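# Okay, predicted coordinates and the sequence, questions at the end:
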Amino acid sequence: MDKSAFPNADTEKMLSLPMGAISPLWLMFAGAATVGAAYFWSRTFFKQTNVEALFKAPEALTETTVELVETIVETVEAEAEVAIDVIEAAAETAADVIDEVVEAAPEPVQEVLAALAPEPVSVDDLTVLTGIGPKLAAALAERGVTRFAQIAAWTDDDIAGFDKDLKLMGRIGREAWIAQATRLAAH
C-alpha cells in the first residue's frame, strides 16, 4: 500500500481492519432476516386448516358410521333401562327384607332401631344460586343451611347474622338470594 495516500496513521489503521465483519449494520441485517424467517414459518405452520377436508371419509362410510353409532346409543339406552329396573327391584327387595327383620325383632330392639334410623335428608345444590360458590356453600352447610327453602325463609335478622358471620358485605340482598331460593324451592 502506498503510505502517502493516507493522511495519518489512525486512518490507515482504521481502514486496514475488516470493517464489514464488525459493522453494526450486519447485526441489523441478521435481526431483520431472523424476524422475516420467523414470520414466514409462523404463518406457514400456524395457518388455519380444515381438518375435516384433510381427513374426509367416503360418504358410504359416514352413513355406516352414523347407523352404527345410533345402534350403539339405542343398545346402551336399553341396557341402562334394564339396569335401572334391576337396581330398583333389588332396592325394593332389600327394603322388604329389612322391614321383615325389624318387625320380627323384639319390641325393645324395634324401639332402638327406630331411634337410630336416620331421617331422610335431601340437600339442594346451593351453588345454583348466583353468588354462591363451592366454598360458600360448604360454609353455609356447616351452619346447617342446605336447602333452598331454608334460605327462602330467612328473616332480616337471619340475613344480618349470615352477612356478618360470613363477611358477605351485603351480597345476600345485592344478588337476591332470597328471591332465587324462593323460586327454586317452589320447583
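Ah, there it is.
# use CA for all of it now, contacts and neighbours both
Will do.
# low-scoring pLDDT stretches of this structure, where are they?
1-24, 26, 48-61, 117-121 (pLDDT under 70).
# How is the protein divided into domains?
By the record's domain assignment, the chain is partitioned as 3-45, 59-116, 126-185 (automatic domain parsing).
# For the longest one, what is the spacing between the initial and final residues?
Put plainly, it is domain 126-185. This stretch, domain 126-185, spans 11 Å end to end (Cα to Cα, to the nearest Å).
# Burial-wise, tell me which of the domains of the chain comes out on top.
Mean neighbours per residue, mean count of other Cα atoms under 10 Å, is largest over the domains of the chain for domain 126-185, with a mean of 15.
# can you give me the helices for this structure?
9-16, 19-22, 24-45, 51-54, 59-104, 107-116, 134-142, 148-152, 156-165, 171-174, 177-185 (DSSP state H).
# next one: phi and psi at the nearest residue to residue 124 once chain neighbours are set aside?
Once flanking residues are discounted, residue 124 sits nearest to residue 147: 4.9 Å by Cα to Cα, 6 or more residues apart in numbering. The phi/psi pair for residue 147 (degrees, to the nearest 10) reads phi -130, psi 150.
# my read: residue 147 touches residue 129, true?
No: counting by Cα atoms under 8 Å, residue 147 stays clear of residue 129, with 11.2 Å between them.
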